[in-house]
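>>> model this:
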Amino acid sequence: MTFDPLQYAAAVCAVGAALCALTAVALLRRPPRGVVRLGAGVIAFFLALALLAGGALCAVVAVGVQGYRALTREELAATVHTTPVGPQTFEARIELPDGSEANYRLAGDQFAVEARILKWHPWANLLGLHTAYELDRVTGRYVSLEDERQRPRTVFPLSPAHRVDLFAWRAKLPWLAPLVDAEYGSSTFTRGDQPASYEVRVSTTGLLVREVAPAG
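Model prediction:
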């Protein structure tokens with residue numbers, strides 16, 4: 001099993017919350033013998049709530065980052081093979097580093113790949129959180145703005161549906177701010193009107209694309 005510091009932290013918080021809750025019940029269920037006993041019970045109760053909240057936060061983030069890949073340097077995110085099949089229409093075969101691949105028929109002169117990138121505050125690195133990325137979608141793109149406005153558009157998802165979408169939660173839940181330093185989208189595009197192969201790479205500054213070899 002892969003060691004996940006976030007899951008470990010969530011489990012520790014849950015156990016701590018349970019112990020504090022039991023302590024609080026033991027102190028408060030009997031008639032208090034003094035202010036000290038009552039105060040200790042109240043403190044244990046609020047400590048249990050704090051640990052429970054911390055454990056919930058760790059669990060939410062652990063689920064939310066599933067599907068994201070840790071980014072520590074420039075690395076290969078996908079290989080795209082393009083094959084024209086008609087005027088302003090081409091097929092894009094996308095190979096991912098895990099060996100999976102998919103074929104999409106795109107309308108346009110170029111293909112564009114978008115990714116979502118999460119950057120965490122330095123202290124969150126202690127929990128195993130590092131800058132991470134996830135490919136989001138691939139779209140067809142026209143060179144002409146007039147074509148972009150009037151001609152058919154094609155877009156396909158590259159990421160699975162998330163049980164917890166940290167991008168959306170970050171905008172709605174300010175208590176995630178102490179963890180998330182920045183979240184942003186990055187996009188790169190190049191021509192798709194010729195048989196060619198491209199490497200889509202991701203670095204700490206965003207996506208980039210390089211032609212590696214003509215198809216065939």
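>>> What ranges does the chain have for its strands?
69-70, 75-86, 89-95, 101-107, 110-120, 132-141, 155-157, 180-191, 196-203, 206-213 (DSSP state E).
>>> Mean pLDDT for the ones you listed - can I get that in a markdown table?
Output for these, formatted as a markdown table (pLDDT from 0 to 100):
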| stretch | mean pLDDT |
| --- | --- |
| strand 69-70 | 58 |
| strand 75-86 | 92 |
| strand 89-95 | 95 |
| strand 101-107 | 95 |
| strand 110-120 | 86 |
| strand 132-141 | 89 |
| strand 155-157 | 94 |
| strand 180-191 | 79 |
| strand 196-203 | 90 |
| strand 206-213 | 86 |
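>>> Throw those strands into JSON lines and include distance to residue 54 and mean neighbour count, thanks.
C-betas here are computed from N, CA, C, even on glycine. Conversion of those to JSON lines gives the following (distance: least, CB to CB, whole Å; neighbours: other CB atoms under 10 Å):
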{"stretch": "strand 69-70", "distance to residue 54": "23", "mean neighbour count": "14"}
{"stretch": "strand 75-86", "distance to residue 54": "32", "mean neighbour count": "17"}
{"stretch": "strand 89-95", "distance to residue 54": "39", "mean neighbour count": "19"}
{"stretch": "strand 101-107", "distance to residue 54": "39", "mean neighbour count": "16"}
{"stretch": "strand 110-120", "distance to residue 54": "16", "mean neighbour count": "21"}
{"stretch": "strand 132-141", "distance to residue 54": "21", "mean neighbour count": "21"}
{"stretch": "strand 155-157", "distance to residue 54": "33", "mean neighbour count": "13"}
{"stretch": "strand 180-191", "distance to residue 54": "16", "mean neighbour count": "16"}
{"stretch": "strand 196-203", "distance to residue 54": "31", "mean neighbour count": "19"}
{"stretch": "strand 206-213", "distance to residue 54": "32", "mean neighbour count": "15"}
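>>> Using a markdown table, please lay out those together with distance to residue 60.
As requested, the strands of the chain are arranged in a markdown table below (distance: least, CB to CB, whole Å):
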| stretch | distance to residue 60 |
| --- | --- |
| strand 69-70 | 18 |
| strand 75-86 | 26 |
| strand 89-95 | 30 |
| strand 101-107 | 29 |
| strand 110-120 | 13 |
| strand 132-141 | 15 |
| strand 155-157 | 23 |
| strand 180-191 | 12 |
| strand 196-203 | 25 |
| strand 206-213 | 26 |
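>>> Figure out which of those is closest to residue 42.
strand 180-191 (32.5 Å; CB to CB).
>>> Count the neighbours of the closest residue in space to residue 135 that isn't next to it in sequence for me.
In space, residue 135 comes closest to residue 158 once its chain neighbours are excluded; the distance is 4.1 Å by CB to CB, 6 or more residues apart in numbering. Residues lying near residue 158 (other CB atoms under 10 Å) number 18.
>>> what's across from residue 89 in the sheet?
residue 86, residue 107 (DSSP bridges).
>>> before we move on, the earlier item: nearest to residue 16, out of the strands of the chain?
Checked against CB to CB, the stretch from the strands of the chain lying closest is strand 110-120, at 23.3 Å.
>>> so what strands line up beside that closest one?
Partners of strand 110-120, by DSSP bridges, with direction: strand 132-141 (antiparallel), strand 180-191 (antiparallel).
>>> between these, which gets nearest to residue 29?
So among the strands paired with strand 110-120, strand 180-191 is nearest, using CB to CB, at 40.5 Å.
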